[in-house]
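In: sharing a model prediction with you, sequence too.
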Amino acid sequence: MAIDCLLLTHPHTGELAFRSYSFSDDTPFNYLQRNNYYSLILLTQGSGELRANFATYLFAGSTLCCFGPYQPYTIQASTAVAGLVLDFHADFFCIYRHQQEVASNGILFNTIFEPPFFPVTTEAVREFAALAAVMQEEVRRQEVAQQESIVLYLKLFLLKAIRIRTAQPALGTEQNPSGREPWLLQQLQEAINTHYRHLHTAGEYADLLRVPARSLTRLVKSHYQKTLSQLITERIIMEAKRELYLTSQSVKAIAFALGFGDEYYFSRFFKKNTAVSPQFFRESVGFAKAES
């Protein structure tokens with residue numbers, strides 16, 4: 001159940017710009033979420049199951065979850081959960097435009113090789129809650145430079161989260177004495193990030209890395225809790241969203257740049273994985289933001 005919801009809307013569209021609220025159970029998240037804004041969900045207690053990025057994860061205790069626009073997820077509690085939420089639209093705060101100041105992209109958001117959540121300490125929870133309280137007070141006051149003030153504290157919240165996340169080991173390295181991912185997975189990550197525009201199948205990456213496809217598939221599944229094909233799909237979708245939001249290129253041009261010879265096949269691929277068409281994504285999230 002949502003409690004003490006404070007909302008700012010876009011002055012022209014009436015759509016959500018920024019929102020903060022507390023929750024005392026999993027009601028806001030226990031059904032499929034596909035929102036056109038970013039969400040920071042701070043779970044301060046409880047445990048349960050989180051489904052996102054083609055995978056199913058277990059969480060327990062204080063946890064920070066980070067979700068981007070049209071990223072599907074659900075949170076279902078097995079013990080009583082509570083916490084707070086910060087939602088913000090890309091027009092309110094653009095993670096791409098502020099990447100040099102607040103490098104959240106690839107650490108908090110769009111983390112295809114890591115779960116979209118991580119544990120936080122009790123002290124960190126207190127600090128996050130204090131920052132959220134200041135933002136909530138700014139919403140209540142409705143004073144001059146309100147957005148600038150909220151964005152300032154939102155940046156501090158994100159920076160705190162980035163420091164915590166980067167100080168933690170990568171997924172699956174806790175059991176590795178060296179604290180590193182298997183060399184082959186490091187090579188795979190580099191290969192996907194380099195070749196996702198023209199290599200779209202698991203077999204192509206197995207050939208590129210010169211390993212049996214079955215062995216690579218097993219390793220990926222055991223480490224990431226998702227298939228190699230799903231990792232490739234996530235990387236393509238991540239770039240498609242970035243291009244749709246930041247540029248004014250046509251959907252056809254973006255499709256071609258991502259290795260799709262057929263614009264309509266790309267649109268079906270995008271909608272299958274986001275539940276919205278590329279054009280609707282632009283209409284609800286924004287476009288050409290790097291050009292304005």
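Out: Cool, got the structure. Just so it is clear, the model here is predicted, and its values are computed rather than measured.

In: ok, then the element right after the lowest-mean-pLDDT helix or strand in the chain?
Out: Using mean pLDDT, DSSP states H and E, strand 2-9 stands out as the lowest-scoring helix or strand of the chain, at a mean of 90. Later in the chain than strand 2-9, the nearest helix or strand by DSSP states H and E is strand 16-23.

In: can I get the CA coordinates of that following strand in CSV?
Out: The C-alpha trace of strand 16-23 is given here as CSV (Å, rounded to 0.1, in the frame of the first residue of the first chain):
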residue,chain,number,x,y,z
LEU,A,16,4.4,12.2,-13.8
ALA,A,17,7.6,14.2,-13.5
PHE,A,18,8.7,13.2,-9.9
ARG,A,19,7.0,11.2,-7.2
SER,A,20,7.9,10.0,-3.8
TYR,A,21,6.0,7.7,-1.5
SER,A,22,6.4,5.0,1.2
PHE,A,23,4.9,1.5,1.1
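
In: show the average pLDDT along it.
Out: Taken as a whole, strand 16-23 carries a mean pLDDT of 97.

In: may I see the buried residues of the least confident helix or strand of the chain?
Out: Leu8 (16 or more other Cβ atoms under 10 Å). For every residue, glycine as well, the C-beta is placed using N, CA and C.

In: report all helices and strands that that strand contacts.
Out: Judged by 3 or more Cβ pairs under 8 Å, 6 or more residues apart in numbering; DSSP states H and E, the packing partners of strand 2-9 are strand 16-23, helix 122-141, helix 146-166.

In: which neighbours does the shortest one have in its sheet, and in what orientation?
Out: Right, strand 16-23. strand 2-9 (antiparallel), strand 73-88 (antiparallel) (DSSP bridges).

In: quickly list what Leu16 is bridged to.
Out: With DSSP bridges as the rule, Leu16 is bridged to Thr9.

In: ok, it - contacts?
Out: The contact partners of Leu16, taken as Cβ atoms under 8 Å, 6 or more residues apart in numbering, are Leu7, Leu8, Thr9, His10, Tyr37, Asp87, His89.

In: returning to what we had before: which residues sit against the least confident helix or strand of the chain?
Out: 15-24, 27-28, 85, 92, 136, 139-140, 146-147, 150.

In: possible to save the strands paired with strand 16-23 as a markdown table with distance to Asn53?
Out: Listed next are the strands paired with strand 16-23 as a markdown table, based on distance: least, Cβ to Cβ, whole Å:
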| stretch | distance to Asn53 |
| --- | --- |
| strand 2-9 | 25 |
| strand 73-88 | 8 |
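
In: and Ala132, which of these is closest to it?
Out: strand 73-88 (5.5 Å; Cβ to Cβ).

In: mind giving me the packing neighbours of the very next helix or strand once past that closest one?
Out: Later in the chain than strand 73-88, the nearest helix or strand by DSSP H and E is strand 117-119. Packing partners of strand 117-119 (3+ Cβ pairs under 8 Å, 6+ apart): strand 55-60, strand 63-67.

In: check which residues of strand 117-119 are buried.
Out: Phe117, Phe118.

In: quick one: mean pLDDT for it?
Out: 98.
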